[in-house]
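Q: Okay, here's the prediction I keep looking at, along with the sequence it came from:
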Amino acid sequence: MKNILSIQSHVAYGYVGNRAAVFPLQRLGHDVWAVNTVQFSNHTGYGAWTGDVFSPEHVAAVIEGIAERGALARCDAVLSGYMGDAALGTAILDAVRRVRAGNPDAVYCCDPVMGDVGRGFFVRPGIREFMTERAVPAADVVTPNQFELEVLSGRTVATMEDALAATAAVRALGPRLVMVTSLTRNEADPETIELLLDGPDGAWLAVTPRVPLDPAPNGAGDAVAALFLAKLLDGGDPAAALAHASSAIWGVIEATRRAGTRELALIPAQNELVEPTRRFTVQKVR
């Protein structure tokens with residue numbers, strides 16, 4: 001069991017942010033200290049929501065309370081996601097610094113939530129700059145979607161060559177591992193979706209069938225980042241972590257299709273998180 005500090009958004013209804021990440025991490029046997037950056041009624045994809053973005057002071061105070069329990073030195077990883085406001089970034093990176101001071105081997109996994117293909121940016125001003133200039137360079141692992149990969153790298157991604165050039169550009173900013181959570185290439189089968197992992201030992205591709213859902217459920221990227229981190233902490237093999245994460249999230253999304261819901265079927269499909277019904281292998285592409 002590892003201890004993970006997860007600093008993300010929270011919704012009362014549905015599964016995004018911490019609601020999409022905490023349960024998978026726990027189901028895979030890890031303890032999670034969840035710090036919420038916002039508390040909304042539901043995710044913003046619905047077009048209307050209620051609730052508040054928490055202030056940097058609020059988030060820092062919650063983290064300070066955890067520190068006062070002597071817990072940060074026992075933390076094995078920090079996972080950050082949707083922030084709501086760029087000013088929260090300072091509190092997140094300060095938490096990373098304090099965790100690393102107590103445990104130099106701790107992993108910082110940054111899900112650089114900024115937007116998505118088709119939607120464009122859906123975060124407040126300043127977050128793009130914070131991610132590119134501060135969060136991503138400080139991270140060990142980043143998990144962008146294709147839109148975010150293009151933003152971080154400054155490159156358009158249409159081919160595998162493009163994708164690998166983009167992940168190399170992001171790795172050059174500082175992270176050891178870049179895991180792209182949803183890759184769509186011109187030369188790929190349009191009935192599939194891919195996850196791409198690039199690291200110092202090579203690059204691997206996972207290919208799964210595209211599940212026909214309209215609209216696609218929000219929170220899949222949050223969940224797959226958590227799944228990847230959980231398995232990375234378990235054994236340290238990035239390719240094996242990618243294989244498990246891609247298989248598990250496909251199982252959850254397929255269960256969501258069968259249920260006919262807009263929200264991820266995380267609870268009904270919880271066994272998929274641990275023992276996916278259908279296991280996909282990964283292929284080395286570099």
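A: Right, received. Where do you want to start? Numbers count the residues shown, from 1 in each chain.

Q: Which parts of the chain are helices?
A: Counting by DSSP state H, the chain forms helices over residues 18-27, 56-68, 88-102, 127-130, 136-138, 146-153, 160-171, 220-235, 238-259, 270-274, given from the N-terminal end onward.

Q: Measure how buried Asp237 is and give me the count.
A: 13 (other Cβ atoms under 10 Å). Glycine gets a C-beta too; all of them are placed from N, C-alpha and C.

Q: Let's have the helices of the chain in a markdown table, adding mean pLDDT.
A: Formatted as a markdown table, the entries for the helices of the chain read as follows, by pLDDT from 0 to 100:
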| stretch | mean pLDDT |
| --- | --- |
| helix 18-27 | 98 |
| helix 56-68 | 96 |
| helix 88-102 | 95 |
| helix 127-130 | 88 |
| helix 136-138 | 97 |
| helix 146-153 | 94 |
| helix 160-171 | 98 |
| helix 220-235 | 96 |
| helix 238-259 | 97 |
| helix 270-274 | 98 |
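
Q: Gln283: which of those helices is closest?
A: helix 238-259 (9.6 Å; Cβ to Cβ).

Q: What is that closest one packed up against?
A: In this structure, helix 238-259 packs against strand 177-183, strand 192-199, strand 202-209, helix 220-235, helix 270-274, strand 282-284, with contacts taken as 3 or more Cβ pairs under 8 Å, 6 or more residues apart in numbering; DSSP states H and E.

Q: distance of Pro268 from Thr256?
A: For Pro268, the distance to Thr256 under the criterion Cβ to Cβ, to the nearest Å works out to 9 Å.

Q: more neighbours, these two?
A: When Pro268 is set against Thr256 and neighbours are counted by other Cβ under 10 Å, the residue ahead is Thr256, at 23 against 14.
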